[in-house]
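Student: Make a model of this:
(one chain, ligands or ions: 1)
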Amino acid sequence: MNKLKIFTGNSNPDLTKRICKYLDLPLACATVDRFSDGEIEVKLSENVRGVDVFIVQSTCPPAENLLELFLIIDAAHRASAKRITAVIPYFGYARQDKKDAPRVPISSKLIANLIRTAGTDRVLTMDLHATQIQGFFDIPVDHLYAAPVIIDCFKQKGLKKLVIASPDVGGAKRAEGIAKRMGNLPLAIINKRRPAPDQAYVTNVVGEVKDKDVLIIDDIISTGGTIVNAAQALKAQGANDIYCYCTHPILSGDAVYKIENSELNKLYVTDTIPLKKKADKIEVLSVANLLGEAILRIHQETSISSLFV
Ligand code: R5P
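Tutor: Purely as a prediction, here's the structure:
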């Protein structure tokens, strides 16, 4: 088997170091910097000829994270890497996955095309906003779920009267999957309306939450509007403690302030996107071991299906 090397851009070097620690590998050496005019400068400082290369980069804003990924892939491709896997813990632009208005792009399809065109052989990603985005790639995609980290965390808490909630109808399947795996817990679904992008309000809550603790499951928190409104609606229905688990903490604008001043007792997020600032109510659970194990199995060409739970 060819050698395995892991490179990173600037989107999430800490997660990459945690992955390397799990794999007991040094982070491969590269320059991913800026020229004086602001253009991105990439140079792999190690030989990658015939190497199984993994490039870890989330494609959260700024858009330069995407460009860095394309350029690192191109550098590895031109340096004769044997195989290049783009490890994208958070695949940005995923919410723009359809032409749902006149004259709009299908951004996630374009990004998938660009990643392929840059020279990627396969993709490893986590909790895509819509699982069918896998089909936007004409190369193999391994799609992991971060759910085991939150399930373990809540098993340890041992809460007795817990209800799993989805903050909108679109996330019901995701929440239902977690409810099943936590022992067929009851489910509540919150009906959300979006009058405009980045604005959300709740119309009603379906399910019994009175005197229950509630764990809301979401994939992304951006403005925080969805989750804060959901927590408020659940409280109005008589819920006790309200927790939220979200894989990808974009936390744009004043989202952290909103969360700190909301009805939420605690928000659990993962490290697919680094937190810009710490907050009392936000706890980070790492997905490094999951990604590390998937990288190892891809490299060894063994099954990773047992990680898809
Ligand atoms: C929506 O479909 C997603 O799952 C999230 O609920 C949404 O993207 C969160 O956005 P925001 O925090 O801006 O309300």
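Student: In contact with residue 126, which residues?
Tutor: Contacts for residue 126 (CB atoms under 8 Å, 6 or more residues apart in numbering) come out as 88, 89, 90, 143, 144, 145, 146, 247, 272, 287, 290, 291. In this view, the C-beta of every residue, glycine as well, is placed from N, C-alpha and C.
Student: Now, those that are in helices?
Tutor: Using DSSP state H, the subset of these located in helices is 290, 291.
Student: mind giving me JSON lines with the contacts of residue 126 and columns for pLDDT?
Tutor: Listed next are the contacts of residue 126 as JSON lines, based on pLDDT from 0 to 100:
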{"residue": "88", "pLDDT": "98"}
{"residue": "89", "pLDDT": "98"}
{"residue": "90", "pLDDT": "98"}
{"residue": "143", "pLDDT": "96"}
{"residue": "144", "pLDDT": "96"}
{"residue": "145", "pLDDT": "94"}
{"residue": "146", "pLDDT": "94"}
{"residue": "247", "pLDDT": "97"}
{"residue": "272", "pLDDT": "98"}
{"residue": "287", "pLDDT": "97"}
{"residue": "290", "pLDDT": "96"}
{"residue": "291", "pLDDT": "98"}
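Student: Could you pick out which of the contacts of residue 126 are located in strands?
Tutor: Counting by DSSP state E, the part of those found in strands is 88, 143, 144, 247.
Student: excluding its backbone neighbours, what's nearest the first one?
Tutor: Computed as CB to CB, 6 or more residues apart in numbering, the closest residue to residue 88 that is not its neighbour in sequence is residue 125, at 4.6 Å.
Student: What is the neighbour count of the nearest residue to residue 188 once chain neighbours are set aside?
Tutor: Excluding its sequence neighbours, the residue lying closest to residue 188 (CB to CB, 6+ apart) is residue 207, at 3.0 Å. Applying other CB atoms under 10 Å, we find 17 residues neighbouring residue 207.
Student: what do you get for the one 10 residues further on?
Tutor: Applying the criterion other CB under 10 Å, we find 24 residues in the vicinity of residue 217.
Student: Now for residue 85: which residues touch it?
Tutor: Residues touching residue 85, when contacts are defined by CB under 8 Å, 6+ apart, comprise 52, 53, 54, 55, 120, 121, 122, 123, 124, 295, 298.
Student: quick one: which helix or strand includes it?
Tutor: With elements delineated by DSSP states H and E, residue 85 resides in strand 83-88, which encompasses its position.
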